[in-house]
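Colleague: below are the sequence and a predicted model; questions follow.
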There are 2 protein chains.
Amino acid sequence: MDKQERNLKLTLAYDGTNYHGFQRQKNSIAIQQILEDKLAKLFGHQIKIAGAGRTDTGVHAYGQVISFFTTGSIPTEKIPLAIQTLLPTDIVVVSAEDVSLHFHARKSAVSKTYIYRIYQDKVPNPFWRNYSWHIRRPLDVQAMNNAAQILVGTHDFSAFKAVGGVTANPVRTIFEASSCINGSMLEFKFWGTGFLYHMVRNLVGTLVNVGLGKIDKAAFAAILNSHDRQKAGATAPPQGLYLQKVYYE
Amino acid sequence: MDKQERNLKLTLAYDGTNYHGFQRQKNSIAIQQILEDKLAKLFGHQIKIAGAGRTDTGVHAYGQVISFFTTGSIPTEKIPLAIQTLLPTDIVVVSAEDVSLHFHARKSAVSKTYIYRIYQDKVPNPFWRNYSWHIRRPLDVQAMNNAAQILVGTHDFSAFKAVGGVTANPVRTIFEASSCINGSMLEFKFWGTGFLYHMVRNLVGTLVNVGLGKIDKAAFAAILNSHDRQKAGATAPPQGLYLQKVYYE
């Protein structure tokens, strides 16, 4: 009898500080490579994973999702603990489940949420140095929140794509763009059907210009409608960004 | 005219993950050494600092206090930002003030608070791996809290001193030993006149035995009263410990 092939969906949390992003690289250590190596050890055959979202160097995840096919027989509920003994402590498998053979971590995703954290204080916080963007000058959070509401809806986000980035279709739908404050921590949340490469970090970089009073809400709207990357603000640094959750049907 | 000597008090926050403790070492990098080197650069002469509390490898601080004499003329209010440009990002000078020439960061301290964090969940959290003790099994927090109350007051804490540690006087007064829970995070707070070497970590290691049901409150009291280090639990790992605040007259 042939071994039965099954499709597994794993949800991961990781601290991206020490990795060159999620996607496998030639000359540096990426999270994908570590996962594929350790999963191969656990399942006894080569594993090729699909990841829901690329995360760059220094970007974190609470709920990255990967999927892969295996003929290995380890019971699903035992996978998180078994793989944890092989993985470094900054990558954690939060849960594992069997899914239909049609499921694909990236292609089946219908929406995602990202968090972006800004630590706003005159004095930096050593515990947040790898987990937030430290801004010394006070930000007008109300103005940033107002401007962010312009993003909700379906738009051509070319103004916020990566410089030189090539994307067939720059149109995305944003369901939510909100922020909350907790002490010195300002936390943005973006929920949408998908995000162009560097889009969240470019949005945050431009919203910070609103918060610093460099541009107003109308100017922010004009940048969005210009579809011109040169008009938007600088890319916010990676360490404030977290892939929070990936939603499926 | 001679340059006037002044005594400065600096309050520091640091992430101890990458250092071999606070105190200067011969063959490894300690926080004291980095501070003395950078302060010497800033003030233009050799600086010898006194630290309020030793912290071990991996132990953190929100409010470590140091003091030192200088003839340097940099205005006090400019020190935090000026030294920050020289220090690594995991050591932060939170504030600086001029103090009397009689002030000494350690000898003038009248009490200190330490925090100890336990991350209690089946699944580890990659973001807390260097900042808490991860315990998978559920803890009886009520039982731990009850046992901790025994510590309040003036006691001979020999049972909780470091193995092989020599201390002239093992008597200390604890004003507060409390815990609170926030999601998966259990946070102990100890406030007292002083703490023997490894005392907080030995207290937490033994309280965890209470939380796991291995010993009860009476057994915990018996350990305290035995003055015998062999009877107490294992030393809790360093990364959960934070020097929170040092109090002066």
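Modeller: Yep, that arrived.
Colleague: what residues does chain A have near chain B?
Modeller: Contact residues, chain A versus chain B (C-beta under 8 Å from any C-beta of the partner chain): A:13-15, A:60, A:80, A:84, A:89-92, A:94-95, A:123-127, A:129, A:131. The way it works is simple: take the backbone N, C-alpha and C, and place the C-beta from them, glycine included.
Colleague: tell me which of these fall in strands.
Modeller: A:13-14, A:60, A:91-92, A:94-95 (DSSP state E).
Colleague: for PyMOL, what selects the buried ones among these?
Modeller: Entered in PyMOL, the line below selects the buried ones among those, by 16 or more other C-beta atoms under 10 Å in any protein chain shown:
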select buried, chain A and resi 13+14+60+91+92+94
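Colleague: let me see the contact set for residue A:131.
Modeller: A:60, A:117, A:239-240, B:127 (C-beta atoms under 8 Å, 6 or more residues apart in numbering or on different chains).
Colleague: what do you get if the cut-off is 7 Å, keeping everything else the same?
Modeller: A:117, A:239, B:127 (C-beta atoms under 7 Å, 6 or more residues apart in numbering or on different chains).
Colleague: with adjacent residues omitted, what lies nearest to the last one?
Modeller: Read that as residue B:127. Nearest residue to residue B:127 in three dimensions, chain neighbours excluded: residue A:15, at 5.6 Å (C-beta to C-beta, 6 or more residues apart in numbering or on different chains).
Colleague: any idea what the residue lying closest to residue A:51 once chain neighbours are set aside is bridged to?
Modeller: Nearest residue to residue A:51, sequence neighbours excluded (C-beta to C-beta, 6+ apart): residue A:66, at 5.1 Å. Counting by DSSP bridges, residue A:66 is bridged to residue A:10, residue A:51.
Colleague: mind pulling up the pLDDT for residue A:66?
Modeller: What the model reports as pLDDT for residue A:66 is 98.
Colleague: what about it, neighbour count?
Modeller: With neighbours defined by other C-beta atoms under 10 Å in any protein chain shown, the count for residue A:66 comes to 24.
Colleague: residues in contact with it?
Modeller: A:10, A:12, A:35, A:49-51, A:105.
Colleague: cool, and residue A:243?
Modeller: A:53, A:55, A:61, A:63-64, A:112, A:114.
Colleague: what's the helix or strand for it?
Modeller: Element membership for residue A:243 (DSSP states H and E) is strand A:241-248.
Colleague: mind checking the pLDDT average for that strand?
Modeller: 98.
Colleague: same question, stretch A:207-222
Modeller: Rounded mean pLDDT across stretch A:207-222 is 97.
Colleague: please enumerate the helices of chain A.
Modeller: Under the criterion DSSP state H, helices of chain A are mapped to A:31-43, A:79-84, A:141-148, A:199-211, A:217-226.
Colleague: what sits up against the last one?
Modeller: In this structure, residues lying in contact with helix A:217-226 by C-beta under 7 Å, 6+ apart are A:146-147, A:150, A:155, A:159, A:206, A:210, A:231-232.
Colleague: of all the residues you listed, which two lie farthest apart?
Modeller: A:146 and A:231 (19.1 Å; C-beta to C-beta).
Colleague: what lines up beside the strand holding residue A:243 in the sheet?
Modeller: strand A:60-70 (parallel), strand A:109-120 (antiparallel).
Colleague: name the residues of the longest one that come out as buried.
Modeller: By 16+ other C-beta under 10 Å, the buried positions in strand A:109-120 come out as A:109, A:111-120.
Colleague: CA atoms only for it, dumped as CSV, please.
Modeller: Taking C-alpha atoms only, strand A:109-120 is exported to CSV below (Å, rounded to 0.1, in the frame of the first residue of the first chain):
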residue,chain,number,x,y,z
ALA,A,109,-5.4,33.2,2.0
VAL,A,110,-8.3,35.6,1.8
SER,A,111,-7.0,38.4,4.0
LYS,A,112,-4.2,39.2,6.5
THR,A,113,-3.6,41.5,9.4
TYR,A,114,-0.3,43.3,10.1
ILE,A,115,0.6,45.2,13.3
TYR,A,116,3.1,48.0,13.3
ARG,A,117,4.5,49.3,16.6
ILE,A,118,6.0,52.7,17.2
TYR,A,119,7.6,53.4,20.6
GLN,A,120,7.1,57.1,21.1
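Colleague: starting at the chain centroid, how far to it?
Modeller: 7 Å (C-alpha atoms, centre = their mean, to the nearest Å).
Colleague: next, the angle from that strand to helix A:141-148.
Modeller: 160 degrees (axes from the mean of the first three to the mean of the last three C-alpha atoms, to 10 degrees).
Colleague: can you list contacts of strand A:109-120?
Modeller: In contact with strand A:109-120 (C-beta under 7 Å, 6+ apart) are residues A:52-53, A:125, A:128, A:131-135, A:138-139, A:175, A:184-195, A:200, A:204, A:236, A:240-249.
Colleague: quick one, which of these are buried?
Modeller: A:52-53, A:125, A:128, A:131-135, A:139, A:185-192, A:194-195, A:200, A:204, A:236, A:240-246.
Colleague: give me the phi and psi for residue A:72.
Modeller: Main-chain dihedrals, residue A:72, degrees, to the nearest 10: phi -60, psi 150.
Colleague: that one: neighbour count?
Modeller: When neighbours are counted by other C-beta under 10 Å, residue A:72 comes out with 17.
Colleague: how about the nearest residue to it, chain neighbours excluded?
Modeller: residue A:43 (3.3 Å).
Colleague: what of residue A:50?
Modeller: residue A:105 is the one closest to residue A:50 (C-beta to C-beta, 6+ apart), at 4.6 Å.
Colleague: hmm, that neighbour is touching residue A:67, no?
Modeller: Yes: counting by C-beta atoms under 7 Å, residue A:105 touches residue A:67, with 4.0 Å between them.
Colleague: low-confidence regions, chain A specifically.
Modeller: A:1-2, A:164-167 (pLDDT under 70).
Colleague: domain-wise, how is it divided?
Modeller: A:6-99, A:111-248 (automatic domain parsing).
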